[in-house]
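*Asks:* Let me see the structure of the following:
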Amino acid sequence: MVSIDVFTVFLILVGSLLLGSPLALVAWIRPIRRWALSSRGARLGLLLMLATITFFLSYFALGRLVAESTYWFGSLGSECSSCDATGFFPTEEEQLNKTAIVNEIWLQYMFFPFVRGRCMTGRERICQLAAGLLRGSPPGVHAIDYLPLPGVGLGSGVVTALWASLITRSRRKTLDSKGGSTLAVQ
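*Replies:* Okay, the predicted model is just below:
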């Protein structure tokens, strides 16, 4: 059984709102909105396109953030010979290869958990340095560690689709019983 703590769910919801809401504002652009209101298929296409873009942007951005934080705080769970107040001070070799190490960790997080541990870039020394940063994590496949990445991605896509659907819904003025106009939403 997979147990997800409340804090993880909270982070997924907040991340989804923060990442999904701004991209939905694209639907406010008058030519795009007018095109989306022209037919149901156009509206659905806009919603799917915005949701897909938001999913990938948030998935990759959050994955990069996790990779960067793994680089800086990766050896907290292990003994460190050159630690500073944060718990980790990269060696000179790790500082010189920071970008390559972060890219290797990022690629490992972007794929499914069973890929973790494989060398994605093909540079053996970089992969050894990245494995040294990941050594504090328990061995084996732990899918629960990867759920926040696609969770925030899917959540932000849904938030974008909901906001964009509210923005592009059709509105018509109708007359109420007293002859005044009201705004009817369909």
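
*Asks:* Verify the assumption that residue 122 is located in a strand.
*Replies:* No. Counting by DSSP: H, G, I helix; E, B strand; the rest coil, residue 122 falls outside a strand, being coil.

*Asks:* Distance-wise, check it relative to residue 104.
*Replies:* With distances taken as CB to CB, to the nearest Å, residue 122 is found 10 Å from residue 104. The C-beta positions use only the backbone N, C-alpha and C, and glycine is treated the same way.

*Asks:* of these two, who's got more company?
*Replies:* Neighbour count, other CB atoms under 10 Å: between residue 122 and residue 104, residue 104 has more, with 26 against 8.

*Asks:* thought that one was touching residue 128?
*Replies:* No. Residue 104 lies out of contact with residue 128 (CB atoms under 8 Å); the separation is 9.9 Å.

*Asks:* In contact with residue 103, which residues?
*Replies:* 67, 121 (CB atoms under 8 Å, 6 or more residues apart in numbering).

*Asks:* mind checking how far it is from residue 165?
*Replies:* Residue 103 is 37 Å from residue 165, by CB to CB.

*Asks:* How about residue 153: what's its closest non-neighbour residue?
*Replies:* residue 59 (3.6 Å; CB to CB, 6 or more residues apart in numbering).

*Asks:* brain fart, residue 129
*Replies:* Residue 129's closest residue in space is residue 101 (CB to CB, 6+ apart), at 5.2 Å.

*Asks:* go on, residue 120?
*Replies:* Spatial nearest neighbour of residue 120, excluding adjacent residues (CB to CB, 6+ apart): residue 107 at 3.9 Å.

*Asks:* what do you get for residue 97?
*Replies:* Per CB to CB, 6+ apart, closest to residue 97 is residue 126, 6.0 Å.

*Asks:* Is it correct that that neighbour is in contact with residue 96?
*Replies:* No. Contact criterion CB under 8 Å: residue 126 and residue 96 do not qualify, at 10.8 Å.
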